[in-house]
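Colleague: Okay, here's the prediction I keep looking at, along with the sequence it came from:
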Amino acid sequence: MAGEEMENLVLVTSDGYSGIVEYEVMLIKDTKSLNKFYSQVNKTRKPGLPVPMLDFSKEMAIVVCLGEQKGERTPQLSQLSETEEERTIAIELSDSEKTESYISYPFYVYKLPISSKTINFQKVGW
């Protein structure tokens, strides 16, 4: 892992199909934005995935969309640095058996305590 383990980071949910074809990371601080993300995910799903319940007065969400992936790899988030104004989070991918026949567009929703710091994301080893 590139940085320090983040003890207060919790994986809320994940799924193999987001419908989002490019890598994207979103910091979500309100229910409306989370619902908007899920409405995009659920456009092509019947039934749709349920939107996770988060208490945005105490926590915020990080949504990691990996884009097109061959094989199964999961993101590993760690803290690279933190100052009084900002925090940098590394996003690495776990090693896995790469199967060329299996293509997915996975997404992961994490929650962590709310913070007023600017949060930056940095890909590591992609």
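Modeller: Received the coordinates, thanks.

Colleague: Below-threshold pLDDT in this protein: ranges please.
Modeller: Residue ranges of the chain with pLDDT under 70: 96-101.

Colleague: the strands in it, which residues?
Modeller: For the chain, applying DSSP state E gives strands covering 10-15, 24-28, 59-65, 69-70, 75-82, 86-93, 103-104, 107-113, 118-124.

Colleague: right, and those strands - which one's nearest residue 1?
Modeller: strand 75-82 (4.7 Å; Cβ to Cβ). For glycine as for every other residue, the C-beta is placed from the backbone atoms N, C-alpha and C.

Colleague: List the contacts of the closest one.
Modeller: Residues from elsewhere that reach strand 75-82, judged by Cβ atoms under 8 Å, 6 or more residues apart in numbering: 1-6, 9, 62, 64, 66, 87-94, 108, 110, 117, 122.

Colleague: Next, the buried residues of that strand.
Modeller: Buried residues in strand 75-82, counted by 16 or more other Cβ atoms under 10 Å: 75, 76, 77, 78, 79.

Colleague: ditto for stretch 34-48
Modeller: Across stretch 34-48, burial judged by 16+ other Cβ under 10 Å covers 34, 37, 38, 41, 42.

Colleague: CSV please, covering these and showing distance to residue 70.
Modeller: Output for the buried residues of stretch 34-48, formatted as CSV (distance: Cβ to Cβ, whole Å):
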residue, distance to residue 70
34, 28
37, 24
38, 25
41, 21
42, 24
